[in-house]
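here are the coordinates; sequence isn't available:
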């Protein structure tokens, strides 16, 4: 039989599934393999979906499952979409009516499906949407909209808004994601627009695909010049190589170019960028001020109360703007939940928990025990991170492995502490991506600076966000750091960062004296490799006291805990994926022969 859900049109033999793996031919009837099954049901603010022009600051119940009909390199939801069998045991079944009651009890204004694509659970999503709308809830989704005309018409009857994720504008771009062509997507976007559904567009910008983004903008402008477009600066997750990541300046330049076609175009995944704000397309005035709020998200900070510019132009906002936005706790909500599971997987890999069955059991346990809710606090302090290693080692029968890892990390911490004791504490500013985005004082990166003998000026900032906040030029000049560290998670090169500082007149001591330090990817947050970042920070702040050979330390670390040298690992922005090109079998406690470093 032929599957009619999406335009791939898989042919399924008896008992078999198609390319997405989420439907099955059961005696001639197409059935969902995991109906009404979810990996997460969490309240979020609408800007973390992300939606920028629909009911700003509204609170929604976010739902997500597993699987996808696309196979895109570097997918931000790679864990859910490409590891169906790993996550299937962690799914929880909920009746639509239960989720509607839950949403209303939480004070949510609607329900939204994101994190994976609703095409792979189309019947369940339609049932959920019908139940939500019957109770007055708004309903939406994030989707690649690769539906057939029939299923798209059903979707249009069921939803109020859709974030349409584009892969580009050409057939080649879509073939790289495992599907035949781009035509169905633009056909479906026009259909949704003409049907009165509020649509916003997300498109990934990887280095080299500028023409795809511009061509997509041209096609969208032919549908409507008021469609909001979200350019996602590509961050290499999954198995994507880091050289595909555009620089901040490259991404900002492209965003400004696209705005000549679609004036409501925004740049995501770029903390501190001014390209996240809304300017009046008539007079150029700044109307809406936003800031980065985690992967694929933003936070509305200020806006004109009536949504109108002084020149008279009315912004195309749908629905009222709420006075306050919902604050998601820790790593719950949005795509931060995915990052939390990545961190758990990183710990699994380094502790020798590597088989599919074992990793699945750990994830199932983490979700069932709400470990993701507490993970943010545990990983943002050195002592609690070390305790987390011990806790996971005990819970999942890797006590010896955990002991070796913890002993190594405690040994290196002790060396740093002894070296910097009674030393001068230089002023340090910890930025992410751009000079104007400061990490929160409770982040691990800030704790590493303090432990390495620095005075982190981020602690003097009297506000916070996720994972930090925008600063003004005047605030940064007043802080006048002697050293600037740039996060290894969403980083810029030292040269690019310095160029941004110079262009904006940020002549602080760190810039004048060339003390801008970019942390290596994965060395300052999430993965236990932060111990290497601690040594990198100590070397930079106290070269007279600390002289760790970072290449040698990295070689020790990888050989001891990954059983392979660093050069065999792919480097990207994932917390776990550096093991992707190394085959690691299951390791028992007795398999480990790493030296206890003290």
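Nice, thanks for sending it over. Computed from a predicted structure; not experimentally measured. Numbers count the residues shown, from 1 in each chain.

the helix or strand bottoming out on mean pLDDT in the chain - contacts with which helices or strands?
Here the helix or strand of the chain ranked lowest by mean pLDDT, DSSP states H and E is helix 78-82, holding a mean of 73. If you count contacts as 3 or more C-beta pairs under 8 Å, 6 or more residues apart in numbering; DSSP states H and E, helix 78-82 packs onto helix 84-87, helix 336-351. Using the backbone N, CA and C atoms, a C-beta is placed for each residue, glycine as well.

tell me which of those is the most buried.
Counting by mean count of other C-beta atoms under 10 Å, helix 336-351 has the highest mean neighbour count of the helices and strands packed on helix 78-82, with a mean of 24.

after that one, next one along is what?
Of the helices and strands lying after helix 336-351 in sequence (DSSP states H and E), the nearest is helix 356-368.

mind checking which helix or strand residue 560 is in?
Assigned by DSSP H and E, residue 560 belongs to helix 550-561.

buried residues, that helix. List them.
553-554, 556-558, 560-561 (16 or more other C-beta atoms under 10 Å).

ok, these vs residue 40, which is closest?
Residue 40 has its nearest neighbour among these in residue 561, at 29.5 Å by C-beta to C-beta.

I figured that closest one hits residue 405, correct?
Yes. The pair residue 561 / residue 405 is scored as a contact, 6.2 Å apart, by C-beta atoms under 8 Å.

what do those two both touch?
Common contacts of residue 561 and residue 405 (C-beta atoms under 8 Å, 6 or more residues apart in numbering): 350, 528.

burial count for residue 98?
Residue 98: 13 surrounding residues under other C-beta atoms under 10 Å.

cool, and residue 424?
Neighbour tally, residue 424, other C-beta under 10 Å: 13.

how close does it get to residue 542?
8 Å (C-beta to C-beta, to the nearest Å).

so which residue is dead centre in the chain?
In the chain, the residue lying closest to the centroid (C-alpha atoms, centre = their mean) is residue 295, at 3.1 Å.

need the three-state assignment for that one.
Put simply, residue 295 is coil when judged by DSSP: H, G, I helix; E, B strand; the rest coil.

pLDDT on stretch 445-459, on average?
Per-region confidence: stretch 445-459 scores 98 on mean pLDDT.

meant to ask about stretch 141-155, not that
The average pLDDT for stretch 141-155 rounds to 97.

and the helix holding residue 560, how far from the chain's centre?
Counting by C-alpha atoms, centre = their mean, to the nearest Å, helix 550-561 is centred 28 Å from the centre of its parent chain.

again, but for stretch 207-214
Offset of stretch 207-214 from its chain centre (C-alpha atoms, centre = their mean): 21 Å.

same question for stretch 445-461.
Worked out by C-alpha atoms, centre = their mean, stretch 445-461 lies 24 Å from the chain centre.

and residue 17, how many neighbours?
Counted with other C-beta under 10 Å, residues neighbouring residue 17 total 17.

which parts of the biggest helix by length in the chain are buried?
Longest helix in the chain by number of residues (criterion: DSSP state H): helix 399-420. Neighbour-count burial for helix 399-420 flags 400-410, 412-413, 415-416, 419-420 (criterion: 16+ other C-beta under 10 Å).

coming back round to it: ok, the residue nearest to the centre of the chain to residue 233 distance?
Using C-beta to C-beta, residue 295 is found at 11 Å from residue 233.

identify the contacts common to these two.
Common neighbours of residue 295 and residue 233 are listed as residue 269 (criterion: C-beta under 8 Å, 6+ apart).

where does this protein dip in pLDDT?
Scanning the chain for pLDDT under 70 picks out 74, 76, 237-241, 334, 568-598.

break it down into its structural domains.
Per automatic domain parsing, the structural domains of the chain span 23-302, 336-421+586-591, 427-569.

helix, strand, or coil at residue 484?
At residue 484 the chain is in strand, as set by three-state DSSP.

count of residues packed around it?
When neighbours are defined as other C-beta under 10 Å, residue 484 has 26 of them.

how about residue 369?
Residues near residue 369, counting by other C-beta under 10 Å: 11.

grab the nearest non-local neighbour of residue 311.
Counting by C-beta to C-beta, 6 or more residues apart in numbering, residue 311 lies nearest to residue 283, which is 4.3 Å off, once chain neighbours are set aside.

check residue 303 too.
Using C-beta to C-beta, 6+ apart, the nearest residue to residue 303 is residue 288, at 4.6 Å.

so the one you found: helix, strand or coil?
Per three-state DSSP, residue 288 ends up strand.

for it, give me its contacts.
Residue 288 touches 277-278, 300, 302-304, 315, counting by C-beta under 8 Å, 6+ apart.

okay then, goodbye and thanks.
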